[in-house]
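J.: build me a model from this:
(4 chains)
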There are 4 protein chains.
Amino acid sequence: MSDAPVRVTVWNENVHESTGNPASMAQDYPDGLHGTIARAVEELVPGATTRTAVLSDPEHGLTEEVLADTDVLLWWGHVAHGDVADEVVDRVQRHVLAGMGLIVLHSGHFSKILIRLLGTTCSLAWRNDGGREVVWTVATGHPIAEGVPNPFVIEQQEMYGEPFDVPAPDELVFISAFPGGEVFRSGMTYLRGRGRVFYFSPGDQDYPVYHHPDVRRVIANGVRWAHQPGLERAVPEVTHPAEGWFTRSPA
Amino acid sequence: MSDAPVRVTVWNENVHESTGNPASMAQDYPDGLHGTIARAVEELVPGATTRTAVLSDPEHGLTEEVLADTDVLLWWGHVAHGDVADEVVDRVQRHVLAGMGLIVLHSGHFSKILIRLLGTTCSLAWRNDGGREVVWTVATGHPIAEGVPNPFVIEQQEMYGEPFDVPAPDELVFISAFPGGEVFRSGMTYLRGRGRVFYFSPGDQDYPVYHHPDVRRVIANGVRWAHQPGLERAVPEVTHPAEGWFTRSPA
Amino acid sequence: MSDAPVRVTVWNENVHESTGNPASMAQDYPDGLHGTIARAVEELVPGATTRTAVLSDPEHGLTEEVLADTDVLLWWGHVAHGDVADEVVDRVQRHVLAGMGLIVLHSGHFSKILIRLLGTTCSLAWRNDGGREVVWTVATGHPIAEGVPNPFVIEQQEMYGEPFDVPAPDELVFISAFPGGEVFRSGMTYLRGRGRVFYFSPGDQDYPVYHHPDVRRVIANGVRWAHQPGLERAVPEVTHPAEGWFTRSPA
Amino acid sequence: MSDAPVRVTVWNENVHESTGNPASMAQDYPDGLHGTIARAVEELVPGATTRTAVLSDPEHGLTEEVLADTDVLLWWGHVAHGDVADEVVDRVQRHVLAGMGLIVLHSGHFSKILIRLLGTTCSLAWRNDGGREVVWTVATGHPIAEGVPNPFVIEQQEMYGEPFDVPAPDELVFISAFPGGEVFRSGMTYLRGRGRVFYFSPGDQDYPVYHHPDVRRVIANGVRWAHQPGLERAVPEVTHPAEGWFTRSPA
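T.: Predicted coordinates for the structure are as follows:
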């Protein structure tokens, strides 16, 4: 619970940006989805420092050094999940279990790292018809929902719907509604090892969702929530202690 | 996990029936909501025996003898929650904690017994405009959802919406959507003491919801789920054991 | 997530202190259990302000004004639970549901307020033979466990053992072991309404447990965890909104 | 909730048996750990049919056909986790997510399949000094604890202790105590996809734990609990539905 500023890394596969598909990307996200998301964190989390990393970087930009210097990692991927190297996924998982925060956004539900941490298929229903998403806070009082109206409305979004094949979350924060009658558990938290994981579904390459003030606020809140400044980074390990090892010496 | 047939008591305040308001009650529920619900249980739970009890019965029909002879109690109330005697609520609570199942339906969210067991206000948002309720199973594979389509649709229903002030459930089974964009955690389970509690929101005096085949199926599934035939009815009690009391005698 | 200093009220029935039983109280807790606990909070929570309140105060010292000025309430009671007025319990419950933090200590498991919020008997097994309590953190990385060794050891304590009749907690933080082979879920969190509740079992009038540095640290961590500075105090209420009330005006 | 008899497969790496180490295996488990466990299931689960499979079988005995014919799979492994082929782990995981029950025993905490499903290291503390394990039921009333005393005592066991790096379980059923002051969450349930998973730690190659009547009862209860006879085996899949697909035809 210290006040050390949070160090954030925003990872993006950066494929829609590179291919120029959809065309709206250039207008909506001239600095890439990662750039827009990083700006949101900088603006809304006091003292936060950000860096970005993309698939095409060496080691996808997620070296041991970068992760050791990252308090919270944000993850955006969509069409290139399969191109993420397993050894990088191993490394990210190790850091999460050791205490690094992880925020997985939107189509990142199918990322290797989320599937690795949750153990399920993470499959869902989807339909991209640009309908309205209404995001309800069900865990009123949760710090991730601080400062956003209940509900908040995203005028145009891809529909993500139940059933969503994930473990029951530790905390269900948001449920979204879509015009077709679908619902979705759109904000969920999980503790894995010593690391805090937040999945937040709003956000799509086809719409300017990451410019929405409430979406930005939730992401910023998520960064603050996932940050555990007092926690030493340490992978849980098997131990083989002698009996009574924990007894204090009378000294 | 024995196969003893389940003994069910359906409780209804029976006020809408008595006052003839709404007028549709006489047509939709000629035997009262309790009669219709009891028929559903009899039809869909093999071997089940049912009785009904209403507010105007002596002790509201929930004497010690009746509760001792009840495996699962269903509760429907709406306008007369305040008329339920505290001593009857005490008794029902004691039986739930001792292992009796409890299914609270619809407007029973504001019943004394549910508030007693959950500790919160159980407040929610509501609007009775007869819109369509779409009920999604999010805990696919849960026995309470067995045999119902995902989603199932209730053509006309009162809207119940979030935020719903209840503790996070042990299991979230259903989430409902309404045409206005609202969502609701419409099926939730709680363990309290040794008793299983299921809250299920569909059902309203203004609409023939308890004739809906999927609603009836869910209620029947709930009865089977809440029934613990191998469990002795015993209120949890404070104990003051001697050291080593549990060590087996060497005989 | 603001940095407003936390305002803490420590409540104690103050009966053991008044009656001088046990005799060790005068030596172990010359300022009462409440005084010792308040000192721990002041020392370990930067900026915290504390007040104390006892059973014999008018309205038990828990007036509307005091509660409105309290971010986190700590509760210690043992022999006089029945003397706490129901209307004060109502008031405390209302503030918890509205967002006030609550930390219930040791024999407070049988307090009216905890039973009210949890809905169960809160019964347990106990034996006061002054054995060693070993407190294990199972939610490694939880802020309430920050800075304490895993495990930490309390040389002399009353035994509290399972089965403990409480709802499954939102988070299980600590499990304790006792020399007789008993175990106890000794640190558990619950969200009720908008308020955070933490039950922590170490602490007894017969032993100087509240002088133990790790116990003090956990209580201080609990205060910080239960404090939600960005949250407006508001009791959850039923609402009856018009359709589309949340739609933003195009201005 | 049908009454179809459960089809059980008991998997064992069968290495201690093959190598004759420890020597006590030949006496304690002349038919192998898998044989003894299968006998427990047959004796205590009415109508159950069992088969066994071992690491050295083709495809480790876990072909598509075997898994399709298995309602509940039990898993025992210790020294050869790394020899289990990833493609077999993939297959088992797929069946669990599709609805097959899985019971992981003792040192199976480090099996590939459990790590795959839970996403954490599953590391723990251990010490094999043959001390007494006292197993407490904390979820009184849970069907997995039906018919066993609270607590039950295993005279000689390996110590497994916290911290145990697993996600918070859906249900915590048992907590064990060991003479050195250690505690362990020894019975936990998880829903993954549509499949029910139960981890139960008692059982070790060095001691005749699987002959203990209460351990056998718990395993049998676990089989019954994990069996979902009314559930169609179906892997969760992404869907891309048209709007309104679920609306019933007026017909």
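
J.: for A:T239, list each beta-bridge partner.
T.: Beta-bridge pairing of A:T239 under DSSP bridges involves D:A125.

J.: what about it, how many residues nearby?
T.: The burial count assigned to A:T239 is 13, neighbours taken as other Cβ atoms under 10 Å in any protein chain shown. For glycine as for every other residue, the C-beta is placed from the backbone atoms N, C-alpha and C.

J.: ditto for A:P169
T.: Neighbour tally, A:P169, other Cβ under 10 Å: 19.

J.: could you look up the SS state of it?
T.: Here A:P169 is recorded as coil under DSSP: H, G, I helix; E, B strand; the rest coil.

J.: quick one: secondary structure of the spatially most central residue of chain A?
T.: Taking Cα atoms, centre = their mean, the centroid of chain A lies closest to A:I103, which sits 1.6 Å from it. When classified by three-state DSSP, A:I103 comes out as strand.

J.: before we move on, what about A:E59?
T.: A:E59 is classified as helix under three-state DSSP.

J.: ok, now how distant is it from chain B?
T.: Computed as Cβ to the nearest Cβ, to the nearest Å, the A:E59 to chain B distance reads 37 Å.

J.: surely that residue meets A:V88?
T.: Yes - between A:E59 and A:V88 there is a contact under Cβ atoms under 8 Å: 6.1 Å.

J.: distance-wise, check the nearest residue to A:E64 once chain neighbours are set aside relative to chain C.
T.: Leaving aside its chain neighbours, A:E64 sits nearest to A:R91 (6.6 Å; criterion: Cβ to Cβ, 6 or more residues apart in numbering or on different chains). Counting by Cβ to the nearest Cβ, the separation of A:R91 from chain C is 19 Å.

J.: who are the contact partners of A:R91?
T.: A:L62, A:E64, A:L67 (Cβ atoms under 8 Å, 6 or more residues apart in numbering or on different chains).

J.: so what pLDDT did A:G141 get?
T.: At A:G141, the pLDDT value in this model is 89.

J.: ok, it - how many residues close by?
T.: For A:G141, the count of nearby residues is 23 (other Cβ under 10 Å).

J.: that one: what secondary structure?
T.: Classification of A:G141 using three-state DSSP returns coil.

J.: which of A:E59 and A:V88 has more residues huddled nearby?
T.: A direct count of neighbours by other Cβ under 10 Å for A:E59 and A:V88 places A:V88 higher, at 19 against 14.

J.: chain center to the strand or helix carrying that one: distance?
T.: A:V88 is part of helix A:86-98, with elements assigned from DSSP states H and E. Its chain's average C-alpha position is 14 Å from that of helix A:86-98, according to Cα atoms, centre = their mean, to the nearest Å.

J.: buried residues in that helix?
T.: Buried residues in helix A:86-98, counted by 16 or more other Cβ atoms under 10 Å in any protein chain shown: A:V88, A:V89, A:R91, A:V92, A:Q93, A:R94, A:H95, A:V96, A:L97, A:A98.

J.: the spatially closest residue to A:P179 that is not a sequence neighbour: what's it in contact with?
T.: Nearest residue to A:P179 in three dimensions, chain neighbours excluded: A:G131, at 4.2 Å (Cβ to Cβ, 6+ apart). By Cβ under 8 Å, 6+ apart, A:G131 lies in contact with A:Q156, A:Q157, A:M159, A:F178, A:P179, A:G180.

J.: buried ones among these?
T.: For the contacts of A:G131, buried by 16+ other Cβ under 10 Å: A:Q157, A:M159, A:F178, A:P179, A:G180.

J.: contacts only, for the residue lying closest to the third one once chain neighbours are set aside.
T.: Closest residue to A:F178 apart from its sequence neighbours, by Cβ to Cβ, 6+ apart: A:M159 at 4.4 Å. By Cβ under 8 Å, 6+ apart, the contact set of A:M159 is A:A125, A:W126, A:R127, A:N128, A:D129, A:G131, A:E133, A:F178, A:G180, A:E182, A:F184.

J.: and with 7 Å instead?
T.: With contacts defined as Cβ atoms under 7 Å, 6 or more residues apart in numbering or on different chains, A:M159 is in contact with A:W126, A:R127, A:D129, A:G131, A:F178, A:G180, A:E182.

J.: hmm, the fifth one is touching A:G130, no?
T.: This points to A:F178. No - with contact defined as Cβ atoms under 7 Å, A:F178 does not count as touching A:G130 (10.6 Å).

J.: quick one: the helices in chain A?
T.: For chain A, the helices defined by DSSP state H cover A:15-19, A:24-28, A:32-44, A:64-68, A:86-98, A:112-118, A:213-226.

J.: next one: the second one to chain centre, how far?
T.: The chain centroid and the centroid of helix A:24-28 are separated by 22 Å under Cα atoms, centre = their mean.

J.: what's that helix packed up against?
T.: Using 3 or more Cβ pairs under 7 Å, 6 or more residues apart in numbering or on different chains; DSSP states H and E as the contact test, no helix or strand touches helix A:24-28.

J.: just the residues contacting it, thanks.
T.: So helix A:24-28 is contacted by A:H16, A:E17, A:G20, A:Q205, A:D206, A:P208 (Cβ under 7 Å, 6+ apart).

J.: one step back: next one: the residue nearest to the centre of chain A from A:T9, what distance?
T.: Distance of A:I103 to A:T9, given as Cβ to Cβ, to the nearest Å: 11 Å.

J.: try A:I113
T.: Here A:I113 is placed at a distance of 13 Å from A:T9 (Cβ to Cβ).

J.: with neighbour numbers in mind, choose between these two.
T.: Per other Cβ under 10 Å, whichever of A:I113 and A:T9 has more neighbours is A:I113, with 26 against 23.

J.: give the contact list for the more buried one.
T.: A:W75, A:V89, A:V92, A:Q93.

J.: from memory the second one sits against A:L114, does it?
T.: Think A:V89. No - A:V89 is beyond contact range of A:L114, at 10.0 Å (criterion: Cβ under 7 Å).

J.: quick one: name the residues of the stretch 51-200 of chain A near chain B.
T.: A:134, A:136-138, A:140, A:150, A:162-163, A:168, A:172, A:175, A:177, A:181-183, A:185 (Cβ under 7 Å from any Cβ of the partner chain).

J.: any low-confidence regions in the stretch 101-250 of chain A?
T.: A:248-250 (pLDDT under 70).

J.: quick one: contacts for A:V209?
T.: By Cβ under 7 Å, 6+ apart, the neighbours of A:V209 are A:I154, A:Q157, A:P202, A:G203, A:V215.

J.: any chance of these in CSV, with distance to chain D too?
T.: Output for the contacts of A:V209, formatted as CSV (distance: Cβ to the nearest Cβ, whole Å):
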residue, distance to chain D
A:I154, 18
A:Q157, 14
A:P202, 19
A:G203, 18
A:V215, 23
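
J.: now, the residues you listed that are in strands?
T.: A:I154, A:Q157 (DSSP state E).

J.: ok, and the most crowded of the contacts of A:V209?
T.: A:Q157 (28 neighbours).

J.: residues touching it, list them.
T.: A:G131, A:E133, A:P202, A:D204, A:Y207, A:V209.

J.: out of those residues, the closest to C:G222 would be?
T.: Set against C:G222, the nearest of those by Cβ to Cβ is A:P202 (33.2 Å).

J.: who touches the closest one in this structure?
T.: Counting by Cβ under 7 Å, 6+ apart, A:P202 makes contact with A:H106, A:E133, A:V135, A:I154, A:Q157, A:S186, A:V209, A:V215.

J.: so for the fourth one, what's the nearest residue that isn't a sequence neighbour?
T.: Distances taken as Cβ to Cβ, 6+ apart put A:E133 closest to A:I154, at 4.3 Å, once the chain neighbours are dropped.
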